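Engineer: Build me a model from this:
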Amino acid sequence: MDTGLVAIKIKSESGKIPAYETAGAAGMDLSAYIEEDVVMFPGKIAIIKTGIFIELSTGYEAQIRARSGFAAKHGIGLVNGIGTIDSDYRGEIKVILINWGEESVTIKNGDRIAQMVICRYEKAKFIVSDTLSETERNQGGFGHTGV
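Structural biologist: Prediction:
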């Protein structure tokens, strides 16, 4: 039986290793690894260090996503929606946060700031063509099926 586990080399400056909080969790929490608190004013962006470095196998990426509780309670999200850590990147994982809320939020060392999901991906090869196959939907988009 496939355990669904992918082996990933990790180096942690903080000594913390990301972990799944529940048996069914898809993501592992990433924590801030900072020397000083970071005050995030409304509308402001901050790049927060995690002290985590990973080595992924080719064919895998680590997706960095917002934590829903952090977003719901404080309006904190990721500027780029989802960040991608490529398999050939060996630098520190940093999280680009934005304060979408109306009040300042202070990020402290050890705060759980994002989650990381490991995903398999496929590489694509484009085949240039003047035509594409027809479908029922064709070019319909942006609400073409109604409200």
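
Engineer: which residues in this structure form helices?
Structural biologist: Taking DSSP state H to define them, one finds helices in the chain at 68-74.

Engineer: For the spatially most central residue of it, name its beta-bridge partners.
Structural biologist: Per Cα atoms, centre = their mean, the C-alpha nearest to the average position across the chain is that of residue 64, at 1.1 Å. Beta-bridge pairing for residue 64 (DSSP bridges): residue 83, residue 116.

Engineer: quick one: pLDDT of it?
Structural biologist: Looking at residue 64, its pLDDT stands at 98.

Engineer: quick one: contacts for it?
Structural biologist: With contact taken as Cβ atoms under 8 Å, 6 or more residues apart in numbering, residue 64 is in contact with 30, 78, 82-85, 93, 95, 114-116. Where C-beta positions appear, they are placed from N, C-alpha and C, glycine not excepted.

Engineer: what does residue 108 give?
Structural biologist: Counted by Cβ under 8 Å, 6+ apart, residue 108 has contacts 32, 34, 37.

Engineer: For residue 109, see how far away the second one is.
Structural biologist: Here residue 34 is placed at a distance of 5 Å from residue 109 (Cβ to Cβ, to the nearest Å).

Engineer: More neighbours: those two, which one.
Structural biologist: Shown here are residue 34 and residue 109; by other Cβ atoms under 10 Å, residue 34 has more neighbours (19 against 15).

Engineer: Restrict stretch 23-33 to CA atoms and write it as PDB.
Structural biologist: Extracted in PDB, the C-alpha atoms of stretch 23-33 (Å, rounded to 0.1, in the frame of the first residue of the first chain):
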ATOM      1  CA  ALA A  23      -4.100  13.100  10.000                       C
ATOM      2  CA  GLY A  24      -6.100  14.600   7.100                       C
ATOM      3  CA  ALA A  25      -4.100  17.800   6.700                       C
ATOM      4  CA  ALA A  26      -2.800  18.600   3.300                       C
ATOM      5  CA  GLY A  27      -0.500  21.400   4.400                       C
ATOM      6  CA  MET A  28       2.200  21.800   7.100                       C
ATOM      7  CA  ASP A  29       2.400  25.100   9.000                       C
ATOM      8  CA  LEU A  30       5.400  27.400   8.400                       C
ATOM      9  CA  SER A  31       6.500  29.600  11.300                       C
ATOM     10  CA  ALA A  32       8.200  32.900  11.300                       C
ATOM     11  CA  TYR A  33      11.900  32.800  12.200                       C
END
